[in-house]
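A.B. asks: my questions are about this predicted structure, shown below with the sequence.
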Amino acid sequence: MNPPLAEQLRPQRIEDYIGQSHLMGPEGVLYKAIRAGDIPSMILWGPPGVGKTTLAYLISRYLDRPFFTLSAVMAGVKEVREVLDKAEAARQAPSRKEPSLFAEPDSNAQKREKGRPILFIDEIHRFNKSQQDSLLGAVEKGSITFIGATTENPSFEVISPLLSRCQVYVLNPLSGEEMDVLLERALKHIQTLTPIKIVLKETQALKRISGGDGRKLLNALEIAASEALLSGDKQSQRHQSGTSPEWVIDNKTVTERIQQNLAAYDKNGENHYDIISAFIKSLRGSDPNAAVYYLARMLVAGEDVKFIARRMVILASEDIGNANPNALLLANACFDTVHRIGYPECRITLSQTAIYLACSPKSNASYMAIDAAMAAVKRSGDIPVPLHLRNAPTQLMKDIGYHEGYLYAHDFEGNFVEQEFLPRTLEGSLFYQPGDNAKENEMRRRLRLLWKNKYGY
């Protein structure tokens, strides 16, 4: 089976690299650094499919550096240390020299021969703190040149000590013109693989689906070309001998035959929100089986595990609240665990927490209470706080009545005394209505006992 079209078309020379002209154009800062043979450790930050991995590979090829790769999804501290040992061994070994990958004669051979090994880590944002810490020594000593790739803002996802030792380069989605170049190159390659003539009549739908993602663009084109191959025998019967069968790709073809075949989950696309919505609704609806299923969908698709954990912290207050106060404690513990140990181990903690939240009694009373109170604030404005509730740190404040008449609850039986806390125009306003569950029914009984009929509990 042939590798995917995107892999077949991966450039082998820097001059064949498409996109990122601000970095790799003739005046690009990274282009100049590569030509000088003196690149810093760096983080390549950009959306999927814009050439981060390819760029790291081409840099190592041109500079003739040993190239080591790790995936942050699969590797742990142990794997990082093992590859660092290999990189150190490669650094001390005699270097090899290959012809320049630039078209013009190379004058930097000596610089390349003495270069440090390159360690490339894809999705560096998935490394937890201890995993990122394990890179610091090698980066600081200069025993490796580190290149990390991330789709997330490194300011939030990369630890400060590592970030301060790296240059951050921002990569952009491919422009329409760059996608045209990529499509033209891909069509020429496909035509070497099939006798069927592929006619790309329209490109708008391909570009819309890809959204500047070169890999997705090539995947979509490959699916369209595969349809041509499957239909080749039937179509060839419709042509006279000596003419090549023809397959036309237009916007309609793309819409009907490609969209449903593309990956169903896109971290930045509509389905991303559909899946997380289904996950939250399953938790709210007390269905642990559906919740774990949608959790698995997100994990397999590569969703940010901290994003999932954050959403469960929100749900623990919004949809469970005081019906089970322990839900918020567990959700917070889950978020902390995810941050500390990272993926893949944290998938177990995410599953445990999702099941617990799904099985917990539900109440949105706290959510409704704060929304009702905020609506009252917007309606009534900044009503003065009653004098008896104000602090009186100075004699002047005492003289004008601050704190006067305040009743200290602990001076009374049961640590409670009835007094007014709301401003006069809002007296008796009911914002919190306990939910109908064991814990909040208990709270309702206590509030009714304390406040009698004031709030209607």
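C.D. replies: Structure received.
A.B. asks: surely A438 touches S360?
C.D. replies: No. Counting by Cβ atoms under 8 Å, S360 is not a contact partner of A438; they are 11.4 Å apart. Glycine gets a C-beta too; all of them are placed from N, C-alpha and C.
A.B. asks: which one's more surrounded, the two?
C.D. replies: S360 (21 against 10; other Cβ atoms under 10 Å).
A.B. asks: what sits against the more buried one?
C.D. replies: S360 sits next to 286, 320, 323-324, 327 when contact means Cβ atoms under 8 Å, 6 or more residues apart in numbering.
A.B. asks: tell me which helix or strand the residue nearest to Y457 when sequence neighbours are not counted sits in.
C.D. replies: Spatially, and ignoring its direct neighbours in sequence, Y457 is nearest to R448 (4.1 Å; Cβ to Cβ, 6 or more residues apart in numbering). Under the criterion of DSSP states H and E, R448 resides in helix 438-451.
A.B. asks: show the average pLDDT along that helix.
C.D. replies: Average pLDDT, helix 438-451: 90.
A.B. asks: what does it rub up against?
C.D. replies: 322-325, 361, 363, 365, 416, 418, 434, 455, 457.
A.B. asks: same deal with stretch 308-317?
C.D. replies: Here stretch 308-317 has contacts from 276, 279-280, 283-284, 295, 298-299, 327-328, 330-332, 334-335, 338-339, 346, 350, 353-354, 357, 366-367, using Cβ under 8 Å, 6+ apart.
A.B. asks: how about 7 Å then?
C.D. replies: Contacts with stretch 308-317, where a contact means Cβ atoms under 7 Å, 6 or more residues apart in numbering, come from 276, 280, 283-284, 295, 298, 327-328, 331-332, 334-335, 338, 350, 353-354, 357, 366.
A.B. asks: stretch 186-194 now?
C.D. replies: Contacts of stretch 186-194 (Cβ under 7 Å, 6+ apart): 5, 8-9, 198, 200, 218, 221, 225, 229.
A.B. asks: name the residues of that stretch that are buried.
C.D. replies: By neighbour count with 16 or more other Cβ atoms under 10 Å, stretch 186-194 contains the buried residues 186, 190, 194.
A.B. asks: over to stretch 281-289?
C.D. replies: For stretch 281-289, a neighbour-count test (16+ other Cβ under 10 Å) marks 282-284, 288 as buried.
A.B. asks: dump those into a markdown table; add pLDDT and secondary structure as well.
C.D. replies: As requested, these are exported to a markdown table (pLDDT from 0 to 100; DSSP: H, G, I helix; E, B strand; the rest coil):
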| residue | pLDDT | secondary structure |
| --- | --- | --- |
| S282 | 93 | helix |
| L283 | 95 | helix |
| R284 | 94 | helix |
| P288 | 93 | helix |
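A.B. asks: determine which two of these are furthest apart.
C.D. replies: Spatially, the most separated pair among the buried residues of stretch 281-289 is R284 and P288, at 12.0 Å (Cβ to Cβ).
A.B. asks: from S41, how far out is the residue nearest to P325 when sequence neighbours are not counted?
C.D. replies: Setting aside the residues directly before and after it, P325 is nearest to K439 in space (Cβ to Cβ, 6+ apart), at 7.4 Å. The gap separating K439 from S41 is 52 Å, by Cβ to Cβ, to the nearest Å.
A.B. asks: of these two, who's got more company?
C.D. replies: With neighbours defined as other Cβ under 10 Å, K439 and S41 compare such that S41 has more, 21 against 18.
A.B. asks: measure how far stretch 391-403 is from the centre of its chain, please.
C.D. replies: 53 Å (Cα atoms, centre = their mean, to the nearest Å).
A.B. asks: per-residue pLDDT of the spatially most central residue of the chain, please?
C.D. replies: Of all residues in the chain, the one closest to the mean position by Cα atoms, centre = their mean is D304, 4.5 Å from it. Per-residue confidence (pLDDT) for D304: 85.
A.B. asks: same check on S231?
C.D. replies: With respect to pLDDT, S231 has a value of 52.
A.B. asks: would you mind checking the contacts of S360 for buried ones?
C.D. replies: Buried members of the contacts of S360, scored by 16+ other Cβ under 10 Å, are 320, 323-324, 327.
A.B. asks: just to revisit the earlier point, among the contacts of helix 438-451, name the ones in helices.
C.D. replies: In helices, judged by DSSP state H, the following of the contacts of helix 438-451 are found: A365.
A.B. asks: distance to T145 for the contacts of helix 438-451 - can I get that in a markdown table?
C.D. replies: Shown next, in a markdown table, are the contacts of helix 438-451 (distance: Cβ to Cβ, whole Å):
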| residue | distance to T145 |
| --- | --- |
| N322 | 53 |
| A323 | 54 |
| N324 | 51 |
| P325 | 50 |
| P361 | 54 |
| S363 | 54 |
| A365 | 56 |
| F416 | 67 |
| E418 | 71 |
| P434 | 60 |
| Y455 | 66 |
| Y457 | 67 |
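A.B. asks: just name the lowest-scoring one in the contacts of helix 438-451, pLDDT-wise.
C.D. replies: Among these, Y457 has the weakest pLDDT, 78.
A.B. asks: what's the local residue count around that residue?
C.D. replies: If you count neighbours by other Cβ under 10 Å, Y457 ends up with 18.
A.B. asks: one more: D274?
C.D. replies: 14.
A.B. asks: show me what contacts the residue nearest to the centre of the chain?
C.D. replies: Shown in contact with D304 (Cβ under 7 Å, 6+ apart): E152.
A.B. asks: would you indicate which residues of whichever helix or strand R297 is part of are buried?
C.D. replies: Using DSSP H and E, the element containing R297 is helix 288-301. Going by neighbour count (16+ other Cβ under 10 Å), the buried part of helix 288-301 is 288, 290-292, 294-295, 297-299.
A.B. asks: then that helix to CSV, C-alphas only?
C.D. replies: Output in CSV follows, covering the C-alpha atoms of helix 288-301 (Å, rounded to 0.1, in the frame of the first residue of the first chain):
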residue,chain,number,x,y,z
PRO,A,288,-21.8,7.3,31.9
ASN,A,289,-21.6,5.1,28.9
ALA,A,290,-22.2,7.9,26.4
ALA,A,291,-19.9,10.1,28.4
VAL,A,292,-17.0,7.7,28.2
TYR,A,293,-17.7,7.1,24.5
TYR,A,294,-17.4,10.8,23.6
LEU,A,295,-14.4,11.1,25.9
ALA,A,296,-12.7,8.3,23.9
ARG,A,297,-13.6,10.1,20.6
MET,A,298,-11.8,13.2,21.8
LEU,A,299,-8.8,11.3,23.2
VAL,A,300,-8.3,9.3,20.0
ALA,A,301,-8.7,12.5,17.9
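A.B. asks: distance between the ends of stretch 322-329?
C.D. replies: One end of stretch 322-329 to the other measures 12 Å (Cα to Cα, to the nearest Å).
A.B. asks: give me the distance from it to the chain's centre.
C.D. replies: Distance of stretch 322-329 from the chain centroid (Cα atoms, centre = their mean) equals 27 Å.
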